[in-house]
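What shape does this take:
(chains A and B)
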Amino acid sequence: MPVSGQYTPGQRHVPTQRLDIPFRKQVFDNGLEVVVHEDHACPIVAVNVWYHVGSKDEVPGRTGFAHLFEHLMFEGSAHHDTGYFEPLQQAGGTLNGSTNTDRTNYWEVVPSNALDLALWMESDRMGYLLPALTEQKFVNQRDVVLNERRQNYENRPYGMASLAMTETLFPSTHPYHWSTIGAPDDLRAATVDDVRAFFRRYYHPANASLVIAGDVDSDAAFEAARAYFGGIPAGDPPDIVAPPPRHAAAARWVIEDRVELARLYLGWLTPAMFADGDAELDVLADALASGKASRLYRALVYDQRVATEVAAYQNSRELGSYFQVVATAVPGVSLATLEAAVRREIARVVGEDLDADEIERALAMTESSFVGRLQSVGGFGGTSDQLNSYNVFLGDPEYFSRDLERYRQATTVRIRKAAAAFLQEPHSVTLSVVPGGQTALAADDSTPMVVA
Amino acid sequence: MTAVDRGRLPVPGAEPAFVFPTATRSRLENGLGIWTVRRDQLPLVSVVVLLPAGAACDPVDEAGLAAITADMLDEGSGDRSAIQMQEALARIGTDLDTEVGSDAVGLSMVLLERFLPGGLQLLADMVCRPRLADADVARVRDLRMNRLRQLRDSPPVTAEAVFAGLLYGTHAYGHLPIGTSASLERIGTSAIASFHDRAYRPSRTTIIAVGAVEHAAFERMVGDTFGAWTCSPPGGSGETGAAQSPMPAADRARLLIVDRPGAAQTELRIGHVAVPRKTPDFHALVLLNAALGGHFMSRINLNLRERKGYTYGARSAFDFRRQAGPFSVQTSVQTGATADSVREVLGELEAIRGPRPVTEDELVLSKSTLTKGYPRSFETTGQVARGLAQLALYDLSDDTFATFGPRVRALSAADVTAAGRAHLDPARIAVVAVGDRARIEDDVRSLGIGDPEIVANVL
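As a prediction, this is how the structure comes out:
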């Protein structure tokens, strides 16, 4: 039962629940951190492994490698070299993995009778991937990743904009400068030897965290985890990538794309995930653009009718975040008009406090989402994934219970302070994405940009 | 520490028992159905209002009417303006999720327990008393027109729209719920108000709650908020639109190209009209599809992604609806591999009907995938509520979930082959390719599906 404490019906402003996820944690001799959470509501169990490696750990010339490597983790290991999916699906499980700038995660959700199978499979690829690696597998998966890039970026409207934004916001020396999907030439240049070196450096117990959550007995889960993972040799913890100094140069770019409607992207560098200002900017993003009663939606879509949609978010990352506003123009409206309208609203939140009612609404949404996130033990964003996130980034799975508090502390004064400190115009990147041949729709003074 | 045997995979023990949710049901005097399942783990309730007023109710020349009507529900009610409605929703920490399908509209909310009465009041206001102000209709219609312009750039949506038209023509399933710019142009406030009057009726509506609430308490809350909802004239089926028009029958295979010069990939839809949800072959077709293209290890994905390397992924699906829904294979492939991808898919459709029937291994894997993981679909309150909505929408019995596993497990390879022969038909296959015509047209001619027809984007 993941929620404890009392709550008083009818109370509006200050929710009284304390949310927590009961868990136990052990660190094995080889450095592997193991967290177990029991939840017996459904007869399923989630296995979730994070490796603290992402595209931030790549080097220029080999971008996209962390994600390409993730694909190879599904192609078999020494003691089961016929593909990763079949035995787990046969047992009624589901599984996936993903890579971002900061970490790579892998998960299975299986019926509770198949926990051993999932642990066997995860531990085999953590301990014994390389003997099963072949040139053929490598070439196949490189092609799959190039297809993924075509489908999700090159052939998707506005698909290249996110790549252009990080490339512009972060200088070429910053590990967030390049995209997680990588540059096609870099992917083609990668070799099997790169795979071996990457595995030895990053894929070992001392750089990993395992969460088992669901219909299990904690003691039995630790015992099984120790049996499967305890014997995998420890590796050297990799160097931590240091965040480079903040980059405050403004830039104004335009991209022509196969789109019908012009779209404006504004970005600012902001404090890292969990740092002071991170939660405040999250709440501010909600007040600006979450729901139709938000400031930007109301101003741009309801009142001025210059935009068809608008979004704002604090993109929280380990080495430094960025705040982004994205607005799509109504046909015939230039992005210069849109930019002026967005900047007016940003200037307002820098200059004056939000209303109490706006904060109350944002906090109600935040609380709902925190409780809602506890509904699934597995998968992306499920309880096991969250425990791993807090464990890997903060060394403390317990932080879940305090995280909502971080948002409740985001007062109007602190929010305005964060906006004033980080959302100033001279420090922003402005990207216009316009239909081919219509650069006249771009924001003023934009320079054409070609994205690889 | 126990030694691990790396020589073989652990064999799972006995399957854990699971009791599938069963709804407690009742009805208000005005006919509104109330279904609940209690779940107390979290102080949360998922609410779904199911209205059988989906895109299949659109009049032939007013495609998009059901969808825009649903979209107008949270744009104010009674004296409450659109903005006031949105503020009220945000204050209780929720937003309205509106899903418009061919057969129904589903309105969903996830609410913290303490906000349930407030959420129901807002839902009742939206469903029974939408404001439908001219200015709001004009704004929402403009937004949908602009959305359509954007969707024209999306290869998957373009392919879906052209494919629906190719399969169903003017039948109710022949257009996407959003409609087209031409049809939206024709829809004004009076059409929306009249559609709302005739299609939204308490006797045709089911409200479902799953979570931290007792049935009796929920029924009282629904009575307080929806109890006064009546319509004039009362009764009547409320069925409207093109739902009654005849289902077209394809007599030959066809291949359509939507030109997208310079496209990095070709978006493909390959399929035909299949069967309704109530087909007695439902379980056999679900099993057939699992082996054919329903999961990562299925034939079509292994062929196109793993063996050929043409795509990031490929899947097939029967879209089971109240009337015969489509079967389709969906993928996005490298431009140069367009013709060969279609050839491989047609080969797989032909093969599974007899020449290369499902093997024992495939049968075991597909049955396991479908049945052993089934309880996972009932983990969250939202999943349970959506599952119940399916029962309500298709008039399925209470034991539908509990009998799913046993019925799938009872099927033989011969049953699957027979279902394939009965319901897959490569001879009347419809193919839609959204891609670079200059680079694919000659190649696809070699497929023997006749001359490719070049068509405009219908959106």
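
Need phi/psi at the residue of chain A found nearest chain B.
For chain A and chain B, the shortest gap (CB to the nearest CB) falls at residue A:92, measuring 2.3 Å. Heads up, the C-betas are built off the backbone N, CA and C, glycines and all. Backbone geometry at residue A:92, expressed as degrees, to the nearest 10, gives phi 90, psi 20.

Tell me the residues on the stretch 351-452 of chain A that lie near chain B, please.
A:357, A:360-362, A:364-368, A:371-372, A:374-377 (CB under 8 Å from any CB of the partner chain).

Domain parsing of chain B, as residue ranges.
Following automatic domain parsing, chain B resolves into domains at B:24-244, B:254-455.

okay, these in TSV with mean neighbour count, mean pLDDT and distance to residue A:32 next?
Shown next, in TSV, are the domains of chain B (neighbours: other CB atoms under 10 Å in any protein chain shown; pLDDT from 0 to 100; distance: least, CB to CB, whole Å):
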stretch	mean neighbour count	mean pLDDT	distance to residue A:32
domain B:24-244	20	93	30
domain B:254-455	20	96	27
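
Of all those, which one is nearest chain A?
domain B:254-455 (2.3 Å).

Put the alpha carbons of the host helix or strand of residue A:269 into CSV.
Taking DSSP states H and E as the definition, residue A:269 sits inside strand A:263-270. Presented in CSV, the C-alpha positions along strand A:263-270 are these (Å, rounded to 0.1, in the frame of the first residue of the first chain):
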residue,chain,number,x,y,z
ARG,A,263,6.4,27.0,-35.7
LEU,A,264,8.4,29.0,-33.2
TYR,A,265,10.8,27.5,-30.6
LEU,A,266,12.3,29.6,-27.8
GLY,A,267,14.9,28.1,-25.5
TRP,A,268,16.8,29.2,-22.4
LEU,A,269,19.5,27.3,-20.4
THR,A,270,18.2,26.6,-16.9
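
Who are the contact partners of the residue nearest the centre of chain B?
Ranked by distance to the mean C-alpha position of chain B (CA atoms, centre = their mean), the top residue is residue B:101 at 5.9 Å. By CB atoms under 8 Å, 6 or more residues apart in numbering or on different chains, the contact set of residue B:101 is B:54-55, B:177, B:321.

Distance check, it against residue B:47.
Remark: distance between residue B:101 and residue B:47 (CB to CB, to the nearest Å) = 18 Å.

Leaving out the residues flanking it, which one is nearest to the residue positioned nearest the centre of chain A?
Among the residues of chain A, the one closest to the centroid is residue A:100, at 6.1 Å (CA atoms, centre = their mean). Closest residue to residue A:100 apart from its sequence neighbours, by CB to CB, 6 or more residues apart in numbering or on different chains: residue A:54 at 5.4 Å.

What of residue B:27?
With CB to CB, 6+ apart, the residue lying closest to residue B:27 is residue B:33, at 5.6 Å.

same check, this time on residue B:106
residue B:99 (4.4 Å).

Surely the one you found is within a strand?
Yes - Residue B:99 forms part of a strand when assessed by DSSP: H, G, I helix; E, B strand; the rest coil.

pretty sure it is touching residue B:105, no?
Yes - between residue B:99 and residue B:105 there is a contact under CB atoms under 8 Å: 7.1 Å.

if we can go back for a sec, now the residue nearest to the residue of chain A closest to chain B when sequence neighbours are not counted. Its backbone dihedrals?
Leaving out its chain neighbours, the residue that sits closest to residue A:92 by CB to CB, 6+ apart is residue B:372, at 2.3 Å. Dihedral pair for residue B:372: phi -70, psi -30, per degrees, to the nearest 10.

got the contact list for residue B:372?
Per CB under 8 Å, 6+ apart, neighbours of residue B:372: A:90-93, A:111, B:15.

List the ones among these that fall in strands.
residue A:111 (DSSP state E).

which of the contacts of residue B:372 tops the neighbour count?
residue A:93 (29 neighbours; other CB atoms under 10 Å in any protein chain shown).

Let me see the contact set for it.
Residue A:93 neighbours (CB under 8 Å, 6+ apart): A:108-111, A:114, A:117-118, B:372-373.

ranges for the strands of chain A?
Using DSSP E, strands in chain A cover A:3-4, A:18-19, A:24-27, A:33-38, A:44-51, A:94-99, A:104-111, A:208-214, A:251-257, A:263-270, A:307-315, A:321-329, A:428-435, A:447-448.

what packs against the fifth one?
Based on contacts counted as 3 or more CB pairs under 8 Å, 6 or more residues apart in numbering or on different chains; DSSP states H and E, the elements that strand A:44-51 packs against are strand A:104-111, helix A:115-127, strand A:208-214, helix A:383-394.

which other helices and strands contact the third one?
Spelled out, that is strand A:208-214. Contacts defined by 3+ CB pairs under 8 Å, 6+ apart place strand A:208-214 against strand A:33-38, strand A:44-51, helix A:115-127, helix A:218-229, helix A:383-394.

Mind listing what's buried along the fourth one?
For helix A:218-229, the neighbour count (16 or more other CB atoms under 10 Å in any protein chain shown) marks A:221-222, A:224-229 as buried.

same question, the last one
When burial is assessed from 16+ other CB under 10 Å, helix A:383-394 yields the following buried residues: A:383-393.

Run the chain-centre distance for that helix.
Helix A:383-394 has its C-alpha centroid displaced from the chain centroid by 12 Å (CA atoms, centre = their mean, to the nearest Å).

And stretch A:437-452, by the same measure?
Relative to its chain's centre, stretch A:437-452 lies at 28 Å (CA atoms, centre = their mean).

contact partners of that stretch?
Outside stretch A:437-452, the residues that reach it (CB under 8 Å, 6+ apart) are A:160, A:163-164, A:167-168, A:183-185, A:252-256, A:262, A:264, A:329, A:334-336, A:338-339, A:430-432, A:434-435.

Could you tell me which of the residues you listed count as buried?
Buried subset of the contacts of stretch A:437-452 (neighbour count, 16+ other CB under 10 Å): A:160, A:163-164, A:167-168, A:183-184, A:252-256, A:262, A:264, A:329, A:334-336, A:338-339, A:430-432, A:434-435.

returning to that earlier point: mind listing what the residue nearest to residue B:106 touches?
Shown in contact with residue B:99 (CB under 8 Å, 6+ apart): B:105-108.

so where do the strands sit in the stretch 151-300 of chain B?
Here the stretch 151-300 of chain B has its strands, by DSSP state E, counting those that start in this stretch, at B:206-211, B:254-259, B:265-273.

Take the ones you listed and lay them out in TSV including distance to residue B:65.
TSV is the format used below for those (distance: least, CB to CB, whole Å):
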stretch	distance to residue B:65
strand B:206-211	22
strand B:254-259	25
strand B:265-273	23
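
Quick one, which of the ones you listed gets closest to residue B:451.
Checking the strands of the stretch 151-300 of chain B against residue B:451 by CB to CB gives strand B:254-259 as the closest, at 8.1 Å.
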